[in-house]
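J.: Sharing a model prediction with you, sequence too.
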Amino acid sequence: MPGDVTITASALIRQGESILLVHQQRKQDPYPYWFVPGGRLEQDESLAHGLVREVREETGVIIGRVGKLVSVAHLFDRPDKSQAVSFVFETDVWTGTVSPADPDGVVTDARFYPISEAIALLEHVPWRSMHEPLLAYLRGSHPAGTVWLYAEHGGAQKLLASLPEQAQA
């Protein structure tokens, strides 16, 4: 429906020097890719509850504590007038065994990757508003809690601002 707002929550889950990624492809995605686990919140669901539910469904992992906010990305001016707001939280407190059982059939695999390998995989995420904030955080160019503002025109996502701005060298 035009004017809808989609809210997603994803988790940057650490195990030592590795992070958990899921291999996924939704109908609207041009190809499968690796990303951090998470997904769309259900109506009347809090960020924390939606995050825990999505991660459990996609990976089998149970988050013990939602950690710091890594980033918020807001995408607007889409052709259908919808908006998307995506939150990424970091955690290293979790239990369980990685065993994907996504009821939506979007996630086909989940595994931990060393950060350098994870960065290389995340570079192939087809949506700028998904990969750019996460890569900037992992590379240390933007601090935790950065807000990213994007507009979509003609199928391309344009960065309008990241707040705070890029760290000074």
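T.: On my side now, so go ahead. Numbering: from 1, shown residues only.

J.: Span of stretch 59-66 from start to end?
T.: Start-to-end span of stretch 59-66 (Cα to Cα, to the nearest Å) is 16 Å.

J.: now E17: how far from Y113?
T.: E17 is 10 Å from Y113, where distance means Cβ to Cβ, to the nearest Å. From N, CA and C alone the C-beta is placed, and that goes for glycine too.

J.: What of A11?
T.: Taken as Cβ to Cβ, the span from A11 to Y113 is 15 Å.

J.: between those two, who's got more neighbours?
T.: A11 (27 against 17; other Cβ atoms under 10 Å).

J.: Skipping adjacent residues, who's closest to the more buried one in space?
T.: V55 (5.1 Å; Cβ to Cβ, 6 or more residues apart in numbering).

J.: mind checking the backbone torsions on the one you found?
T.: When read as degrees, to the nearest 10, the backbone of V55 gives phi -60, psi -40.

J.: my guess is it meets T8, correct?
T.: No - counting by Cβ atoms under 8 Å, V55 does not reach T8; the two are 12.0 Å apart.

J.: Quick check: neighbours shared by the two?
T.: Jointly contacting V55 and T8 under the rule Cβ atoms under 8 Å, 6 or more residues apart in numbering are G38.

J.: More neighbours: which of these two?
T.: Between V55 and T8, counted using other Cβ under 10 Å, the more crowded position is V55 (29 against 19).

J.: Strands of the chain, residue ranges please.
T.: 5-15, 18-24, 33-35, 38-40, 62-63, 69-76, 83-91, 94-95, 107-114, 146-153, 156-163 (DSSP state E).

J.: Could I get the average pLDDT for the first one?
T.: Averaged across strand 5-15, pLDDT comes to 96.
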